[in-house]
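Engineer: Predicted model follows, preceded by the sequence.
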Amino acid sequence: MSEKEHKVSRRQFLSYCLMGVGGFMAAAAVTPMARFALDPALEAGGESDYVSVASVDDLTEEPKRFDFKVTVEDAWYESEQSRTAWIYREGNEIIALSPVCTHLGCTVNWDANEDHPNQFYCPCHHGRFEKSGKNIANTPPTRPLDVYDMEVRDGTVYLGRTIQR
Ligand code: FES
């Protein structure tokens with residue numbers, strides 16, 4: 001092959017450029033459609049169901065803090081994340097509360113403010129909640145703490161997702 005045959009004419013160069021631009025535009029048009037078609041697979045992620053968190057025997061009428069890990073699936077990526085629950089018994093009932101303040105998402109602690117004993121206290125803006133998780137009037141939070149979905153099996157408390165009340 002001669003050197004002359006290797007040369008690209010101006011017309012060929014332009015047509016290659018147009019093919020490149022056309023390919024890019026086609027990919028841009030097809031990508032959202034592919035995502036739409038795959039969406040059910042993408043939405044199938046989320047936290048895996050129930051996680052063993054505490055033994056019923058360890059629970060008292062005083063809320064106790066329990067830290068645990070959950071596996072979170074985000075599309076094809078799986079990661080382990082930390083969670084916390086405040087759990088206590090009331091007669092035969094077991095209550096597991098989320099520690100996430102419903103004002104702006106800081107973490108509440110039980111009995112952490114000596115001026116307001118036996119309440120959940122949020123240090124960020126002095127939000128307070130009753131033991132049941134109910135928000136106390138005239139403090140910033142406007143709704144109760146979320147509760148965990150729960151199952152008790154063979155003396156063990158399993159927690160699922162949090163539920164807004
Ligand atoms: S974040 Fe808890 S009171 Fe504001």
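Structural biologist: Great, that's in hand. Numbering: from 1, shown residues only.
Engineer: hang on, Glu61 is in a strand, isn't it?
Structural biologist: No. Glu61 is assigned coil when assessed by DSSP: H, G, I helix; E, B strand; the rest coil, not a strand.
Engineer: Please list all residues in contact with it.
Structural biologist: Tyr88, Arg89, Glu90 (C-beta atoms under 8 Å, 6 or more residues apart in numbering). (C-beta placed from N, C-alpha, C; glycine too.)
Engineer: For the first one, which residues count as its bridge partners?
Structural biologist: Beta-bridge pairing of Tyr88 under DSSP bridges involves Ile95.
Engineer: For it, which residues are in contact?
Structural biologist: Leu59, Thr60, Glu61, Glu62, Pro63, Lys64, Ile94, Ile95, Lys131.
Engineer: Can you turn the buried part of the residues you listed into a ChimeraX selection?
Structural biologist: Selecting only the buried entries of the contacts of Tyr88 in ChimeraX, with 16 or more other C-beta atoms under 10 Å as the criterion:
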select :59,63,94,95,131
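Engineer: Turn the contacts of Tyr88 into CSV, including pLDDT.
Structural biologist: As requested, those are exported to CSV (pLDDT from 0 to 100):
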residue, pLDDT
Leu59, 98
Thr60, 97
Glu61, 98
Glu62, 98
Pro63, 98
Lys64, 98
Ile94, 98
Ile95, 98
Lys131, 98
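Engineer: that older thread, any idea which of the contacts of Glu61 is closest to the ligand?
Structural biologist: Distances from the ligand to the contacts of Glu61, taken as C-beta to the nearest ligand atom, are shortest for Tyr88 (20.5 Å).
Engineer: Check the gap between the closest one and Gln81 for me.
Structural biologist: 24 Å (C-beta to C-beta, to the nearest Å).
Engineer: do Asp154 as well
Structural biologist: From Asp154 to Gln81 the distance is 26 Å (C-beta to C-beta).
Engineer: repeat for Arg165
Structural biologist: 23 Å.
Engineer: Between those two, which is the more surrounded one?
Structural biologist: Arg165 (13 against 10; other C-beta atoms under 10 Å).
Engineer: How far off centre is stretch 49-69?
Structural biologist: 19 Å (C-alpha atoms, centre = their mean, to the nearest Å).
Engineer: and if you look at stretch 133-140?
Structural biologist: Counting by C-alpha atoms, centre = their mean, stretch 133-140 comes out at 24 Å from the chain centroid.
Engineer: need the residues of this structure near the ligand, please.
Structural biologist: Proximity of the chain to the ligand (C-beta under 6 Å from any ligand atom) is limited to residues Cys101, His103, Leu104, Gly105, Cys106, Cys122, Cys124, His125, Gly127, Pro140, Pro141.
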